[in-house]
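Participant: the following block contains a protein sequence and its predicted model.
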Amino acid sequence: MSYKELFYNENEGVLERYELSKERIGLIIHEETIDEKYRDYFVSVAKFIESICCFYEDESKRFSENANITFEELRDINTNLYSDILGDAYDESYANPDFAVKKLGEEYGKILCLLYTQIRGMIRYAYEYRLVDMTINMELFVEVYNLFENAKSNENKEELDKDDSSRDTLLQNTKEAIYYFISDYADRNIEIRTRENVDPELDRISDLVANSNLDDLRYLFNYGEYISDVEIKTAQFINTLTDKEVENMAKTYVEGYRDGFLMANKPLHKKKCVSLYYNIGFERVVRKAILMFKDMGLSPVIWLPAVDVINRKTFVNGAIGTPANKQYDYDHRYDIACVLDKALNDRRIALLEQSYEKYKDVAAFMGGPAVIETWGEIPFTPVNKENAWALSSKQQKLVTEYASHSGQIIKKYIKGDERSFTIISFPVPSIGDNFDEIFKETVKINTLDKKLYKDIQQTIIDTLDKADHVRVVGKGNNKTYINVSMQDIKNPDKETTFENCLADVNIPLGEVFTSPKLEGTEGLLHVSSVYLNGLKYEDLSIEFADGCIKNYTCSNFDNEEDNKKYIFENVMFNHETLPIGEFAIGTNTCAYAMAKRYDILDVMPILIVEKMGPHFAVGDTCFSWEEEIKTYNPDGKEMIAKENTYSRKRNDNPMDVYFNCHTDITIPYEELGEIVAVTSDGVEIDIIRDGKFVLPGTDELNKYL
């Protein structure tokens, strides 16, 4: 059944409402019945809605392999849909909170900017034939317009005094209209989103990938996402690869997913679905992977990032493309602050639980995500706009509460001890003229000799297992000085505190990692420049006491308040503190050498960068929700360092022990003075000194350095 057919019946039921709304919006463009100050806004948004309706109704503007429409025409259509937020156009777009406030005033500018951002989600709905969602957004726009029209009419009739009270009433009514719209339709939006996450039947994108002619790049414009040169050039490049090369890329990815289940003794045979995350342009690789997953008995589930306020996330996954404007996405990351209160928060938690309960049968078969990340884009440092919606301290707690509850709900229906994942990454053409070479180097990094690294990493683990703590010190301008406490080993012959990470869930290979003991872990972590979750940080410094963050700063902005806020929102995820969830030593010097050779360290993903030196993750451990599952290294020893002071209390109250975040921060070899294992009787064993491995048995790693 096609996506269009799935929504056919409900679309038929809303046709009359759609036509009425469209007719009313058409009239708005020519009316002069509201305050002149707001007229341009409503006319601009009405014209945008008209353009979406035109696109929805005109099948000739959609691509099919037999359609008489060119690649260039499709690209023009796609560009026009996103034109108001592209490049300099965003400076004078009502989707820009600063411009909206400048034109409409502080209070009305912020709320009407949010309304327009919600309306812009109609682009997606038009591609997905979701006429109900288009219609309800159109009705919301008409409702708000009517409020402004009535306010103007009342003023003209002098039924209301022309003072602040009338404006306050209009503002309050506008806020209430948007609040109740988001709340009333939360059941629909959360249920559809939940089903998209687990049900192969509600999957438009898998069909697109499996059945399109991938040599005809017109297929790219069927996503409904903005399609930039990056997606086009990526698809063009991958189309130049041989079938064997593409098959090997897919095989590494799929086998990593399978090995994740095998290494953790998890029941892959119970699963029927796999979530696929990737960047648009990689369809040839994804198609091969789909066939391989089907041979394993797994059907793909692919979704696009949410566009509605209730479901929109700061960091997106699924099938994604280059954002039309990263600043736009950053400006609207906390739009929910406009409406978020405890009642709405409780409602969305309850609705999420209800939705998973409704689709529990298909959710139980979900095996977890298989992720293809991309990298090479120019690092983005956002501008903090005071007119963008921001969470209050009370709302920050609500967001944290929702993250904790939603994490528990999802793990209830997609059990942690039965799910796994894998992640692999490749560069995109944004990286520059050496893209072809860097891509092939990355394929090499992703397929290094597992046996060689297994033995070298085991040598490092044997030394670390003797340590009471590990001392990590930076050099040059790097101010790192931190002592990391190790977990206790009761039976050295059968137990280990570090996992020997070979290319399964986390590709490429090249690290040994542990969950450190928080008590006694003290010091400063400093990195001169790092790229985390798509955002760049300069001079990031984090201070720890008993394994938890007690202070932090960076130098991105001119004042300390903005620097702390930047980290609080995007690294701390609104938590007052976070523990060290992971300490690791990266061994993939081959990747490091590539980064240095092409001078691309600042654009490489944490997935690879974490293998290029020691790294510390703040947040949950790598084993959150899976502490009871026994895992073993290739030498047969059980990995026992899976919990810390927080997660040890997980059976009492999970809300207080899990943070639902895990951010890796790596010190590159060139900024590294020493890593030393210190035993309980004070013996010091050097592992790395002056950026090179000095532990006997690790010399092979230095050949790339």
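Facilitator: The structure has been received and is ready for your questions. All of these numbers come straight from a predicted model, not from anything done at the bench.
Participant: got the CA positions of the lengthiest strand in the chain in PDB?
Facilitator: Across the chain, the longest stretch assigned as strand under DSSP state E is strand 517-532. Taking Å, rounded to 0.1, in the frame of the first residue of the first chain, the C-alpha atoms of strand 517-532 are listed here in PDB:
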ATOM      1  CA  LYS A 517      34.500   5.100  38.800                       C
ATOM      2  CA  LEU A 518      33.200   8.500  39.500                       C
ATOM      3  CA  GLU A 519      34.600   8.800  43.000                       C
ATOM      4  CA  GLY A 520      38.200  10.100  42.800                       C
ATOM      5  CA  THR A 521      37.900  11.200  39.100                       C
ATOM      6  CA  GLU A 522      39.100  14.700  39.200                       C
ATOM      7  CA  GLY A 523      40.500  17.400  37.000                       C
ATOM      8  CA  LEU A 524      40.200  19.500  33.900                       C
ATOM      9  CA  LEU A 525      39.300  18.400  30.300                       C
ATOM     10  CA  HIS A 526      40.300  20.900  27.700                       C
ATOM     11  CA  VAL A 527      40.200  20.800  23.900                       C
ATOM     12  CA  SER A 528      41.300  23.700  21.700                       C
ATOM     13  CA  SER A 529      38.600  23.000  19.000                       C
ATOM     14  CA  VAL A 530      36.000  20.300  18.700                       C
ATOM     15  CA  TYR A 531      32.900  19.700  16.700                       C
ATOM     16  CA  LEU A 532      30.000  18.100  18.800                       C
END
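Participant: identify each buried residue in it, please.
Facilitator: 517-518, 521-523, 525-532 (16 or more other Cβ atoms under 10 Å). For every residue, glycine as well, the C-beta is placed using N, CA and C.
Participant: any idea which helix or strand comes after it?
Facilitator: Downstream of strand 517-532, the first helix or strand assigned by DSSP states H and E is strand 535-545.
Participant: so which elements touch that next one?
Facilitator: strand 517-532, strand 548-553, helix 560-570 (3 or more Cβ pairs under 8 Å, 6 or more residues apart in numbering; DSSP states H and E).
Participant: the last one versus strand 517-532: what angle between them?
Facilitator: When axes from the mean of the first three to the mean of the last three Cα atoms, to 10 degrees is applied, the directions of helix 560-570 and strand 517-532 differ by 100 degrees.
Participant: one more: the second one?
Facilitator: Angle of strand 548-553 versus strand 517-532, following the same axes, to 10 degrees, is 30 degrees.
Participant: quick one: average confidence on strand 548-553?
Facilitator: Across strand 548-553, pLDDT averages out at 97.
Participant: that one: which residues count as buried?
Facilitator: 548, 549, 552.
Participant: separation between the second one and residue 110?
Facilitator: Read it as residue 549. 31 Å (Cβ to Cβ, to the nearest Å).
Participant: okay, the buried residues of strand 548-553 in CSV with distance to residue 76 next?
Facilitator: Formatted as CSV, the buried residues of strand 548-553 follow (distance: Cβ to Cβ, whole Å):
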residue, distance to residue 76
548, 53
549, 49
552, 46
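Participant: I'd say residue 301 and residue 195 touch.
Facilitator: No - contact criterion Cβ atoms under 8 Å: residue 301 and residue 195 do not qualify, at 9.9 Å.
Participant: neighbour-wise, which of those two wins?
Facilitator: More crowded of residue 301 and residue 195, by other Cβ atoms under 10 Å: residue 301, with 26 against 20.
Participant: tell me the contacts of that one?
Facilitator: Counting by Cβ atoms under 8 Å, 6 or more residues apart in numbering, residue 301 touches 196, 197, 198, 199, 200, 203, 206, 273, 274, 275, 276, 366.
Participant: repeat that for residue 90.
Facilitator: Contacts of residue 90 (Cβ under 8 Å, 6+ apart): 84, 96, 325, 327, 328.
Participant: phi and psi next, for the last one.
Facilitator: I take that to be residue 328. Main-chain dihedrals, residue 328, degrees, to the nearest 10: phi -60, psi -50.
Participant: low-confidence ranges in the stretch 101-250 of the chain?
Facilitator: Scanning the stretch 101-250 of the chain for pLDDT under 70 picks out 155-167.
Participant: how about 80 then?
Facilitator: 152-167 (pLDDT under 80).
Participant: that one: helices as residue ranges?
Facilitator: 106-119, 122-127, 131-156, 164-184, 186-198, 204-211, 229-238, 243-263 (DSSP state H, counting those that start in this stretch).
Participant: now these as TSV including distance to residue 49?
Facilitator: Converted to TSV, the helices of the stretch 101-250 of the chain look like this (distance: least, Cβ to Cβ, whole Å):
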stretch	distance to residue 49
helix 106-119	7
helix 122-127	7
helix 131-156	6
helix 164-184	15
helix 186-198	19
helix 204-211	23
helix 229-238	26
helix 243-263	41
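Participant: ok, of the buried residues of strand 517-532, which one's closest to residue 280?
Facilitator: Residue 280 lies nearest to residue 531 out of the buried residues of strand 517-532, by Cβ to Cβ, at 21.0 Å.
Participant: so that closest one is in contact with residue 379, correct?
Facilitator: Yes - the pair residue 531 / residue 379 is scored as a contact, 5.5 Å apart, by Cβ under 8 Å.
Participant: give the residues shared as contacts by those two.
Facilitator: 602, 603.
Participant: find the nearest non-adjacent residue to residue 415, please.
Facilitator: residue 364 (7.8 Å; Cβ to Cβ, 6 or more residues apart in numbering).
Participant: for the one you found, what are its contacts?
Facilitator: 413, 414, 415.
Participant: that one and residue 199, how far apart?
Facilitator: Where residue 199 is concerned, residue 364 sits at a distance of 12 Å (Cβ to Cβ).
Participant: next: residue 543.
Facilitator: 45 Å.
Participant: for residue 646, same thing?
Facilitator: Taking Cβ to Cβ, one finds residue 646 at 34 Å from residue 199.
Participant: what of residue 175?
Facilitator: 35 Å.
Participant: these two: which is more packed in?
Facilitator: Neighbours of residue 175 and residue 199, each counted by other Cβ under 10 Å, are more numerous for residue 199; the result is 19 against 15.
Participant: my read: that one touches residue 359, true?
Facilitator: Yes - applying Cβ under 8 Å, one finds residue 199 in contact with residue 359, separated by 6.1 Å.
Participant: just to revisit the earlier point, between the helices of the stretch 101-250 of the chain, which one is closest to residue 344.
Facilitator: helix 164-184 (5.6 Å).
Participant: please save the CA atoms from that closest one in CSV.
Facilitator: Output of helix 164-184 as CSV, limited to C-alpha atoms (Å, rounded to 0.1, in the frame of the first residue of the first chain):
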residue,chain,number,x,y,z
ASP,A,164,-2.7,48.0,26.1
SER,A,165,-5.6,46.0,27.4
SER,A,166,-7.0,45.3,23.9
ARG,A,167,-3.5,44.4,22.7
ASP,A,168,-3.0,42.1,25.7
THR,A,169,-6.3,40.4,24.9
LEU,A,170,-5.3,39.8,21.3
LEU,A,171,-1.9,38.5,22.2
GLN,A,172,-3.4,36.2,24.8
ASN,A,173,-6.0,34.9,22.4
THR,A,174,-3.3,34.3,19.8
LYS,A,175,-1.1,32.4,22.2
GLU,A,176,-4.1,30.3,23.3
ALA,A,177,-5.1,29.5,19.8
ILE,A,178,-1.6,28.1,19.1
TYR,A,179,-1.4,26.4,22.5
TYR,A,180,-4.7,24.5,22.0
PHE,A,181,-3.8,23.7,18.4
ILE,A,182,-0.6,22.0,19.5
SER,A,183,-2.2,20.3,22.5
ASP,A,184,-5.4,19.2,20.7
